[in-house]
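Got a predicted structure plus its sequence, pasted below:
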Amino acid sequence: MNEIEQKIKLVVESSGCPLYAPGDEVIFDGPLLDKEQSGNFCMMALSAVFPFVYAARKGVITDAPLQCPDCGEKVVFRIYKA
C-alpha cells in the first residue's frame, strides 16, 4: 500500500439508530474493512460514506462529518486518518 492509501477511521458522533452508539468505530485499511477492529457496519451507511472514505484514502479530505441518510435514524460519523 502506498503512503497515500491510508487507514481511515469512522467514529460515530451521534446516533438515532439502534445499531450505533456514540464512539463506535469502523476502520478501513486501504480498500478493506478491518473486521477485527471495527464494529458492525450497515449497508445503508456504507453507501452513504463510501465516496468520502475513498477521497480520504487518497488524501483529498482529512476530517469531515458524514451523515447516514436512513430516515429518522440519523447517524453522524466523523472521518479521520487512522
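Done, it's in. This is a predicted model, so every value here is computed, not measured.

buried ones in the longest strand along the chain?
Longest strand in the chain by number of residues, with DSSP state E as the criterion: strand 7-15. Residues of strand 7-15 classed as buried under the neighbour-count rule (16 or more other Cβ atoms under 10 Å) are Lys7, Ile8, Lys9, Leu10, Val11, Val12, Glu13, Ser15. Where C-beta positions appear, they are placed from N, C-alpha and C, glycine not excepted.

other SSEs contacting that strand?
Secondary-structure packing of strand 7-15 (3 or more Cβ pairs under 8 Å, 6 or more residues apart in numbering; DSSP states H and E): strand 25-29, helix 43-57, strand 75-81.

Partner strands of the first one, with direction?
Pointing back at strand 25-29 there. strand 7-15 (antiparallel), strand 32-33 (antiparallel) (DSSP bridges).

In CSV, list the C-alpha atoms belonging to that strand.
Output of strand 25-29 as CSV, limited to C-alpha atoms (Å, rounded to 0.1, in the frame of the first residue of the first chain):
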residue,chain,number,x,y,z
GLU,A,25,-15.7,2.9,15.2
VAL,A,26,-15.3,1.5,11.7
ILE,A,27,-11.8,1.1,10.3
PHE,A,28,-10.8,0.8,6.7
ASP,A,29,-7.3,-0.4,5.8
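
No more questions from me, cheers.
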